[in-house]
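Here is a sequence together with a model predicted from it:
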Amino acid sequence: MDKQPITTVKKDKLHIIDWLIEHFPNAFFKKGNQIKPLKIGIFDDIIDFYERLDTPPFSKKSLREALNYYSASPAYLNCQKENAARIDIYGNEVDVVTQEQARYAHQRYLERYNKKQNSEKNNSNNQDGA
């Protein structure tokens, strides 16, 4: 099965995630097995840093969209286990994932990624029959 090309929007989000990894290396990670739950409200902490930049490299809206993209990834949703430590932008443990938050993340994972897998299977089956 061919991978879909990366869109410009997705490239922009990935570029911003790389920026987050560069500026907050103890909070943001590229490898899925290193990803940790982030502090609730971490966007405000990132914005505090962002607003001190002389020339911000992208808009706040783009930053929020990239953070949403990161936090909706399979690896991020899977790391949301009950009592897992939540970290701030410096990697300090500041809170834990509640049972309700863990359930929500698991449900969100199932909704997003089971639909995607079923859609890919259906597309594959349709192409096989063509």
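It's in. Given the structure is predicted, the values throughout are model-derived calculations rather than measurements.

just the strands in this protein please.
In the chain, the strands defined using DSSP state E lie at 85-87, 93-96.

between the ones you listed, which gets nearest to Lys13?
Across these, Lys13 has its closest neighbour in strand 85-87 (21.0 Å, Cβ to Cβ). For glycine as for every other residue, the C-beta is placed from the backbone atoms N, C-alpha and C.

List the contacts of that closest one.
With Cβ atoms under 8 Å, 6 or more residues apart in numbering as the test, strand 85-87 has contacts from Asn26, Ala27, Lys36, Pro37, Leu38, Lys39, Ile40, Glu93, Val94, Asp95, Val96, Val97.

Sort out which of these are buried, if you could.
Ala27, Lys36, Pro37, Leu38, Lys39, Asp95, Val97 (16 or more other Cβ atoms under 10 Å).

Which one of those is nearest to Tyr50?
Distance ranking of the buried ones among the contacts of strand 85-87 against Tyr50, using Cβ to Cβ, places Ala27 first at 14.1 Å.

Verify the contact between the closest one and Ile46 for me.
No - using Cβ atoms under 8 Å, Ala27 makes no contact with Ile46, being 9.0 Å away.

For the residue nearest the centre of the chain, which non-adjacent residue is spatially closest?
Taking Cα atoms, centre = their mean, the centroid of the chain lies closest to Tyr70, which sits 1.5 Å from it. Spatially, and ignoring its direct neighbours in sequence, Tyr70 is nearest to Ile17 (5.4 Å; Cβ to Cβ, 6 or more residues apart in numbering).

Isn't that neighbour up against Phe29?
No - with contact defined as Cβ under 8 Å, Ile17 does not count as touching Phe29 (9.7 Å).

how many other residues sit next to Ala66?
Here the number of neighbours of Ala66 (other Cβ atoms under 10 Å) works out to 20.

CA atoms only for the longest helix anywhere in the chain - export them in PDB, please.
Secondary structure of the chain per DSSP state H: the longest helix is helix 8-23. Extracted as PDB, the C-alpha positions of helix 8-23 are listed here (Å, rounded to 0.1, in the frame of the first residue of the first chain):
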ATOM      1  CA  THR A   8       1.900  21.300   2.900                       C
ATOM      2  CA  VAL A   9      -0.300  21.800   6.000                       C
ATOM      3  CA  LYS A  10       1.100  18.600   7.600                       C
ATOM      4  CA  LYS A  11       4.700  19.600   6.700                       C
ATOM      5  CA  ASP A  12       4.100  23.000   8.400                       C
ATOM      6  CA  LYS A  13       2.800  21.200  11.600                       C
ATOM      7  CA  LEU A  14       5.700  18.800  11.600                       C
ATOM      8  CA  HIS A  15       8.100  21.800  11.200                       C
ATOM      9  CA  ILE A  16       6.500  23.500  14.200                       C
ATOM     10  CA  ILE A  17       6.700  20.200  16.200                       C
ATOM     11  CA  ASP A  18      10.400  20.100  15.300                       C
ATOM     12  CA  TRP A  19      10.700  23.600  16.700                       C
ATOM     13  CA  LEU A  20       9.000  22.500  19.900                       C
ATOM     14  CA  ILE A  21      11.400  19.600  20.200                       C
ATOM     15  CA  GLU A  22      14.300  21.900  19.700                       C
ATOM     16  CA  HIS A  23      13.200  24.500  22.200                       C
END
